[in-house]
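Student: Build me a model from this:
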Amino acid sequence: MDISAPKLRSKPALRRVFAAIAATALATASSAAFASPLITNGNFAATSATAVIGGTTYGTSINNTNLTGWSLGTCTSNCTAPASFDFLFLPNSYANGVDYQGTVIPMYSSGPGALVTGGTTYNAIGVDAANATYALNQTVTNLTVGDTYFLTFYQASTQANGGAETGPFTGHWGVTLGSQTLNSATMNNPYQGNTGWVQQTLQFTATSASETLSFLATSPSTGQPPFLLLADVSLAVPEPDSLVMLAAGLGGLLLLRRRLRA
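Tutor: Prediction:
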């Protein structure tokens, strides 16, 4: 009878075992890492910022009362306008436009289209960064001083079809949490066109238990009018168990690499 020690598995077998372990840990971690949402109405669904014109419902200007959880900061440009150029974009807004004081403002090329992710279609905020521009603010509470938080959102851009377009433009969101300000990736919008939805992730460290989150549409270009779009905003801190799982997954991958080299 052969009582010798069992042979080690072959390299292909080890590769499959460790890869499965690492993949399971990483998948579990990623699904739970952001399990503590802190944003109110980050999908912009709770709102009364709508107007009916000719039987069609349009998104209209945001103010301090018609978008639950959010308020407007200080105006940064063209502040004599009768209402903000921060608009609610409904899923039909990209084809039909938005309402400004009873006038419909259409979008070129029907805009980028509504954000659809995870089977959900989202409302958005669209801001003309050159006209009556206000920061979109929310007070975030229950933060832990010193903890790192990850802010995620989607951005896109488009140009209004109002007959006064002057060329392409660039733009980004200036995002502030407390005393820290970061910029999203720059969007390069073609003349009379749009850019698609792209997810952004910014990292902040809390310095107070309660801080103001602020989004300011910024466009240094001369191309007009520069509409920047924002959707699906969330803020969370990775949970400790998820970080352990993530470390286990990365450790498994490292061990696999070392064994395969042996």
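Student: Can you find the helix or strand of the protein with the lowest average pLDDT?
Tutor: Ranked by mean pLDDT, DSSP states H and E, the weakest helix or strand in the chain is helix 11-32, scoring a mean of 50.
Student: Tell me which residues of the helix or strand that it is followed by come out buried.
Tutor: Using DSSP states H and E, the helix or strand that follows helix 11-32 towards the C-terminus is strand 50-53. Under the neighbour-count criterion of 16 or more other Cβ atoms under 10 Å, strand 50-53 has Ala51 buried. Where C-beta positions appear, they are placed from N, C-alpha and C, glycine not excepted.
Student: residues in contact with the following helix or strand past strand 50-53?
Tutor: Next along the chain after strand 50-53, taking DSSP H and E as the criterion, comes strand 56-59. Applying Cβ atoms under 8 Å, 6 or more residues apart in numbering, the contact partners of strand 56-59 are 49-52, 87-90, 92-93, 96-99, 104, 123, 126.
Student: Which of those fall within strands?
Tutor: Thr50, Ala51, Val52, Phe87, Leu88, Phe89, Val98, Asp99, Val104, Gly126 (DSSP state E).
Student: Quick check, the fifth one in contact with Tyr122.
Tutor: No: at 11.4 Å, Leu88 and Tyr122 do not qualify as touching, with contact defined as Cβ atoms under 8 Å.
Student: what sits in contact with each of the two?
Tutor: What both Leu88 and Tyr122 touch, as defined by Cβ under 8 Å, 6+ apart, is the set Phe44.
Student: how about stretch 89-100: buried residues?
Tutor: Neighbour-count burial for stretch 89-100, counted by 16+ other Cβ under 10 Å, picks out Phe89, Leu90, Pro91, Ser93, Tyr94, Asn96, Gly97, Val98, Asp99, Tyr100.
Student: who's in contact with Trp77?
Tutor: Check again: residue 77 is Ser, not Trp. Contacts for Ser77 (Cβ under 8 Å, 6+ apart) come out as Ala129, Ala130, Asn131, Ala132, Thr133.
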